[in-house]
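**Student:** I'd like to go over a predicted model; first the sequence, then the structure.
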Amino acid sequence: MHADAALIWQLTDLPRTRVHRFGDEGLVFNPLSWETHLVSDPALRVVEVLASGPRREADLASELAAEDDEPDVASVRNRLKPLLDELRNLGLVSARAGAP
Amino acid sequence: MNVGDLQLGEMLTTLAGRGLGLDVGAARARVRTDLPSLAATLQSVYRYFPVEEGEGFFDVTATVRHARGLRRFVRPQIEFVVDGEVPFEPFPAATDLPLLEWGLNWCLAERCNTYLLLHAGVVERAGAAVILPALPGSGKSTLTAALTVSGFRLLSDEFGVVRLDDGLCLPMLRPVALKNASIEVIARLRPDANLGPTFPGTRKGDVAHLGPDAESVAQRHEPAMARLIVFPRYEAGAATALEPVPRGRAFAKLAVNSFNYELLGPAGFEAVGRLIARCDCYRLSYGDLAEAMATIKGLLNAP
């Protein structure tokens, strides 16, 4: 398993992060910076999934792949990684090492 | 008794004493002045407002008075005073009402933070409020005034006041500030409109104020549910074009356009989100005012 697959991703402030979805895009309120971000799918979907609780990166990829009926989970993981990095740069999500 | 029913002498005495209280719906302002010309124009554009005693709580207590100093003998100037402070440079004495109105706008934008304050005109028809956010060059005031003199209720020309707990739009009922060619446009559209005097050559060009009509004043405590958000854009000679704005984009535009979105934080986020969720959002480019009005009426299915 790739080392990153064990990373556990979470919303930086899960209880206070707020989301309004409108179609395939939406607004995410960062309660730490009080900034509002306009976020499109699939990044918005990542935020929504993490709003229900932290996920191992591998599990997150599997969950998103299943939602999209995408059999190639590895491909989903490859697309997921830059989205997570972007969300982390916005301060919306953070990662910690999980058990491999 | 309404402001318009006072004798000018009574008006002056009130303004020079405890002040004239103006209940504009979402806020109360108290105005003081010893300028006879301002008393007369105030009486004209606020004619349908009830006379309020200048006592009790006011969101703003403002005074317009002659500026101090030797300059007053050469080129008289006036200043806007609030809480003992003079926040702006003096204005020429002949621009008393514009100074008062801009000063009140500034104070209300600074202070009314129990509401979400959008920089927008708001009108209502058959229970449906239409929000017209003011982006640069939008022609917001012209469109707001035109709709108002054509059967819509005026809630505000400057502030879209959204109550945080239920998302209803509240009136912040004040005169509509018309600029330059818009003054004549509205005068032609409705010759009996309650238009005050024109103040030529202000910092924003020629300015005249359209006083709120009696019905809008009588309903200044009645909120309305927003159903439509129209981002107007005036361009001389342009064909009328209506285009839906995705709600996410509309949210971003409204937030940027708000006086206090960032200050309100999560409460502002929720308020804008709820507002957007129940409104249809459009961008309206227009060069013909009548067509623009007909388009908005069509969106509301209004005659």
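**Tutor:** Great, that's in hand. Because the structure is predicted, anything quoted here is derived from the model rather than measured.
**Student:** and residue B:240, what does it touch?
**Tutor:** Going by Cβ atoms under 8 Å, 6 or more residues apart in numbering or on different chains, residue B:240 touches B:284, B:285, B:286, B:287, B:288, B:291, B:292, B:295. (Glycine included, C-beta is placed from N, CA and C.)
**Student:** at 7 Å instead, please
**Tutor:** Taking Cβ atoms under 7 Å, 6 or more residues apart in numbering or on different chains, we find residue B:240 in contact with B:286, B:288, B:291, B:292, B:295.
**Student:** for the closest residue to residue A:62 other than its chain neighbours, grab phi and psi.
**Tutor:** The shortest distance from residue A:62 to any residue other than its chain neighbours is 5.6 Å, reached at residue A:73 (Cβ to Cβ, 6 or more residues apart in numbering or on different chains). The phi/psi pair for residue A:73 (degrees, to the nearest 10) reads phi -60, psi -30.
**Student:** with residue B:79 instead?
**Tutor:** With angles defined as degrees, to the nearest 10, residue B:79 sits at phi -140, psi 160.
**Student:** beta-bridge partners for it, please?
**Tutor:** residue B:65 (DSSP bridges).
**Student:** pull the most distant pair out of the contacts of residue B:240.
**Tutor:** B:288 and B:295 (9.8 Å; Cβ to Cβ).
**Student:** which one of those two is surrounded by more residues?
**Tutor:** It is residue B:295, of residue B:288 and residue B:295, that has more neighbours when counted by other Cβ atoms under 10 Å in any protein chain shown, with 18 against 15.
**Student:** all strands for chain A, in order.
**Tutor:** A:8-11, A:18-22, A:25-30, A:35-40, A:55-56, A:93-96 (DSSP state E).
**Student:** point out the most buried one among those.
**Tutor:** strand A:25-30 (a mean of 22; mean count of other Cβ atoms under 10 Å in any protein chain shown).
**Student:** mind listing which of the contacts of residue B:240 are in strands?
**Tutor:** residue B:286.
**Student:** with pLDDT and distance to residue B:189 added, can I get the contacts of residue B:240 in a markdown table?
**Tutor:** Below are these laid out as a markdown table (pLDDT from 0 to 100; distance: Cβ to Cβ, whole Å):
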| residue | pLDDT | distance to residue B:189 |
| --- | --- | --- |
| B:286 | 95 | 15 |
| B:288 | 96 | 12 |
| B:291 | 97 | 13 |
| B:292 | 97 | 12 |
| B:295 | 97 | 16 |
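**Student:** neighbours of residue A:54, how many?
**Tutor:** 17.
**Student:** that older thread, and the strands of chain A as JSON lines, adding distance to residue A:67?
**Tutor:** Formatted as JSON lines, the strands of chain A follow (distance: least, Cβ to Cβ, whole Å):
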{"stretch": "strand A:8-11", "distance to residue A:67": "16"}
{"stretch": "strand A:18-22", "distance to residue A:67": "14"}
{"stretch": "strand A:25-30", "distance to residue A:67": "16"}
{"stretch": "strand A:35-40", "distance to residue A:67": "16"}
{"stretch": "strand A:55-56", "distance to residue A:67": "13"}
{"stretch": "strand A:93-96", "distance to residue A:67": "18"}
